[in-house]
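In: Starting from these lines, generate the structure:
(one chain, ligands or ions: 2)
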Amino acid sequence: MIDAYSREMAAAIAAVRRAAGVCRAVQAGLVTADTLEKKDKSPVTVADFASQAVVLGELAASFPDDPAVAEEDAAELREAGHAALKASVVEHVNRVLDTPADEATVLGWIDRGGARPAADAKRFWTLDPIDGTKGFLRRDQYAIALALIERGRVVLGVLGCPNLDGQGLLMTAVKNVGAKAQPLDGADAKPKKVTVSGVESPADARFCESVETGHSDQSASSKIAARLGITAEPYRIDSQCKYAAVARGDASIYLRLPTRADYREKIWDHAAGKLCVEAAGGTVTDITGKPLDFSQGRQLEVNRGVIATNGRFHHEVVAAVQDVLNG
Ligand code: AMP
Ligand code: MG
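Out: Residues are numbered from 1 along each chain as shown. Ligands and ions are numbered 1, 2, ... in the order given. Got it, this is the predicted structure:
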């Protein structure tokens, strides 16, 4: 099974690397005019759209029959008032392509991400073109997260983390095979096997969580940490870089604790990262200990929050989370 998904992996890595180039170029020249408020008030930049166009364009060329579920759609770009943003997106996409694409093609690539897969869908891709937009805008950590889902199971994941380790990190995972990491830039890429930490007791663990207090309940996590005897300060880092941190042993726990009862996690926020942790030997569930169910469409409808660990004491963490959240 050494060559499992080799064609998919090659295309996914090429797409994520190109998208990272777009993100870095936009970040280098980031000005507020490039930022647009989405209806849910999270900032979206020209880079979100351009990154999605580049990745889904690459997948369309390699796997034209595969549907995709991605965060953005081009509706806003098609509105009359957004001509400048649209032009900027097309320009940034074309900077990283060998053959230039016209506006309609670029918008068409973005809109390929609108699939609504059925529970038994044979396979589809899911993409977060910039996970951790807030980190991106702060020039902090963010990720391009791409995964392949077959009949509800994540089988391949790629996380491009342009600011991790300074030079950027690329983490890849294949179900039942393993996880690897290499520098994001291809030049000196020598993939190395990634494994979770060997920490045996939660008291010795470091946990990571969102920087944004609106995305994970930090007051609950500090109570949970106290209950588990954790003394290390929380490792706060944006995006699925948290999953990468657990996968390679920078931390042994990732807590994502709901801040609202009605919030449903989006599949593109978790698919690639979850597989990286599992393929590196760790365990990922929701806050009740249930496996994440990727067969429910665009959201994790039957899950709440996330707990990822190195797998050595997962049930203890779930129990502590339940104790604290249920008072
Ligand atoms: P992070 O960088 O881990 O804080 O997560 C960023 C992601 O949080 C974004 O991609 C959003 O999809 C997601 N998000 C937005 N609102 C919420 C919320 N209320 N609870 C959890 N996640 C959220
Ligand atoms: Mg996201």
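In: Which parts of the stretch 51-200 of the chain are strands?
Out: With strands called from DSSP state E, counting those that start in this stretch, the stretch 51-200 of the chain shows them at 68-70, 123-131, 143-150, 153-161, 169-174, 178-183, 192-194.
In: what's the closest of these to ligand 2?
Out: Closest of those to ligand 2 is strand 123-131, at 3.6 Å (criterion: C-beta to the ion). (C-beta placed from N, C-alpha, C; glycine too.)
In: Okay, now the sheet partners of that closest one, with direction.
Out: strand 68-70 (parallel), strand 143-150 (antiparallel) (DSSP bridges).
In: Need the winner for burial among the ones you listed.
Out: For the strands paired with strand 123-131, the largest average neighbour count (mean count of other C-beta atoms under 10 Å) is found in strand 143-150, namely a mean of 28.
In: can you give me the angle that strand makes with strand 153-161?
Out: Computed with axes from the mean of the first three to the mean of the last three C-alpha atoms, to 10 degrees, the direction of strand 143-150 lies at 170 degrees from that of strand 153-161.
In: Distance from strand 143-150 to the middle of the chain?
Out: Its chain's C-alpha centre and that of strand 143-150 lie 7 Å apart, by C-alpha atoms, centre = their mean, to the nearest Å.
In: near ligand 2 at all, it?
Out: No: Strand 143-150 lies out of reach of ligand 2 by C-beta under 5 Å from the ion, never closer than 7.2 Å.
In: Check whether that strand comes near ligand 1.
Out: No: using C-beta under 6 Å from any ligand atom, we find that strand 143-150 stays clear of ligand 1, coming within 8.5 Å at best.
In: can you list the residues that contact stretch 95-108?
Out: Outside stretch 95-108, the residues within contact range by C-beta atoms under 8 Å, 6 or more residues apart in numbering are 18, 21-22, 25, 53-54, 57, 74, 77-78, 86, 89-90, 93-94, 109.
In: Would you mind checking those residues for buried ones?
Out: Buried by 16 or more other C-beta atoms under 10 Å: 18, 21-22, 25, 53-54, 57, 74, 77, 86, 89-90, 93-94, 109, out of the contacts of stretch 95-108.
In: all helices in the protein, in order from the N-terminus.
Out: 6-28, 46-62, 75-78, 83-95, 103-111, 133-137, 218-228, 241-247, 271-279, 314-325 (DSSP state H).
In: Serialize the ones you listed to a markdown table and add fields for distance to S197 and mean pLDDT.
Out: Listed next are those as a markdown table, based on distance: least, C-beta to C-beta, whole Å; pLDDT from 0 to 100:
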| stretch | distance to S197 | mean pLDDT |
| --- | --- | --- |
| helix 6-28 | 25 | 94 |
| helix 46-62 | 31 | 96 |
| helix 75-78 | 42 | 92 |
| helix 83-95 | 38 | 92 |
| helix 103-111 | 38 | 98 |
| helix 133-137 | 23 | 90 |
| helix 218-228 | 15 | 98 |
| helix 241-247 | 8 | 98 |
| helix 271-279 | 11 | 98 |
| helix 314-325 | 13 | 98 |
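In: Would you mind naming what in the stretch 51-200 of the chain lies close to ligand 1?
Out: D131, G132.
In: ok, the residue of the stretch 151-300 of the chain found nearest ligand 2 to ligand 1 distance?
Out: Going by C-beta to the ion, ligand 2 is nearest to D269 of the stretch 151-300 of the chain, at 4.4 Å. Counting by C-beta to the nearest ligand atom, to the nearest Å, the separation of D269 from ligand 1 is 5 Å.
In: Done for today, thanks.
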